[in-house]
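Q: no sequence on hand, only this structure:
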């Protein structure tokens, strides 16, 4: 009886061990994105705690408060590295199964992710080795310099992926617009339809301009420079382009309804 | 021993079913509209198809097709309303998230 129980426990443990990789591999891009958002929150809280510790030390310069500044500072740096790592993991998973992303771009991103994850491990060791305020100051300065290096290459390539995807969507809108225009040309009294299609075309042209502008901004996501600002600028252009495409879609929808109803 | 094998099979089955359900759930989330986009985004980002139509078109001007079959109508249009709706979904799924600044402070 006891032997059977032992066998059962042993097999159960074996099953659980075998299941571990299955659970790990089930991490999706969506989970990774959520993990990144969570890590941002933790990082902000850690930085807040470090600021509070510095205020306490300024008011009462005891060894305990000094140690608290070092400890909270190490936690804040570690949390910032966790945040960078979570973002890289998310980007890696995001491109992995996306058939829309060109293979060369996909390979570049995955290679950069691996390189920068290794850099994060090195920086983490440096943060762990901090013992004094002086150590902490040196590592912090180094981190400020290195932090954006971790994200720059992947940000630039991510921007280029988004440009590619936005161009693909713009091409789709253009195809729909051409099809509707062709259909409208065979109709009499098609003035209202053509007017809607012209408005759609205008929005499409503006979208293409904004996508091009975004591409130019992403190309400047490099070190030295202001890569995160350039990345954000590119994102803003693409958000406007997305709005243009949605407006174009609205006009196409109106044109479509006018055509199918024949009420022109 | 037979009972043990049955028990392990049941555990595996439950784990696989749970895994599949979880994957489907995540996929569904991915298809949801954009979240966390900032105010710089176009107003259409939060609007439904109905909202877009009601903003731009007087409903009285548009007669719904009475002669349509499966979204197509007697007036020749080379695609269906469903395809057009799908295009909007594809556009809404585009999402561009910024990175935070880091000062070390």
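A: Everything's here; your move. For clarity, every value in this text was computed on a predicted model and none was experimentally measured.
Q: which parts of the stretch 101-250 of chain A are helices?
A: Using DSSP state H, counting those that start in this stretch, the helices found in the stretch 101-250 of chain A span residues A:103-128, A:133-185, A:191-219, A:227-261.
Q: surely residue A:241 and residue A:211 touch.
A: Yes - proximity of residue A:241 to residue A:211 meets the contact threshold set by C-beta atoms under 8 Å, at 4.9 Å. Using the backbone N, CA and C atoms, a C-beta is placed for each residue, glycine as well.
Q: which of those two has more residues huddled nearby?
A: Comparing residue A:241 with residue A:211 by other C-beta atoms under 10 Å in any protein chain shown, the one with more neighbours is residue A:241, at 31 against 25.
Q: contacts only, for the more buried one.
A: By C-beta atoms under 8 Å, 6 or more residues apart in numbering or on different chains, the residues touching residue A:241 are A:166, A:170, A:206-208, A:210-211, A:214.
Q: put together CSV for those, with distance to residue A:64 on each row.
A: Output for those, formatted as CSV (distance: C-beta to C-beta, whole Å):
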residue, distance to residue A:64
A:166, 54
A:170, 60
A:206, 60
A:207, 59
A:208, 61
A:210, 55
A:211, 56
A:214, 51
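Q: ok, and the most crowded of the residues you listed?
A: Going by other C-beta under 10 Å, residue A:207 tops these with 28 neighbours.
Q: tell me the spacing between that one and residue A:167.
A: Counting by C-beta to C-beta, to the nearest Å, the separation of residue A:207 from residue A:167 is 9 Å.
Q: same question, residue A:94
A: Distance from residue A:94 to residue A:167, by C-beta to C-beta: 18 Å.
Q: what about the two, which has more around it?
A: The neighbour comparison of residue A:94 against residue A:167 (other C-beta under 10 Å) goes to residue A:94, with 19 against 16.
Q: name the nearest residue to that one, ignoring sequence neighbours.
A: In this structure, residue A:94 finds its nearest non-sequential neighbour in residue A:29, 4.4 Å apart by C-beta to C-beta, 6 or more residues apart in numbering or on different chains.
Q: touching, the one you found and residue A:90? I think so.
A: Yes - at 6.4 Å, residue A:29 counts as touching residue A:90 under the criterion of C-beta under 8 Å.
Q: quick one on the thing from earlier: filter the contacts of residue A:241 by proximity to chain B?
A: The subset of the contacts of residue A:241 within reach of chain B, by C-beta under 8 Å from any C-beta of the partner chain, is residue A:166.
Q: ok, so of the contacts of residue A:241, who is nearest chain B?
A: residue A:166 (6.4 Å; C-beta to the nearest C-beta).
Q: quick revisit: tell me which of residue A:29 and residue A:90 has more neighbours.
A: residue A:90 (24 against 19).
Q: nearest spatial neighbour of the more buried one, skipping sequence neighbours?
A: residue A:32 (3.9 Å).
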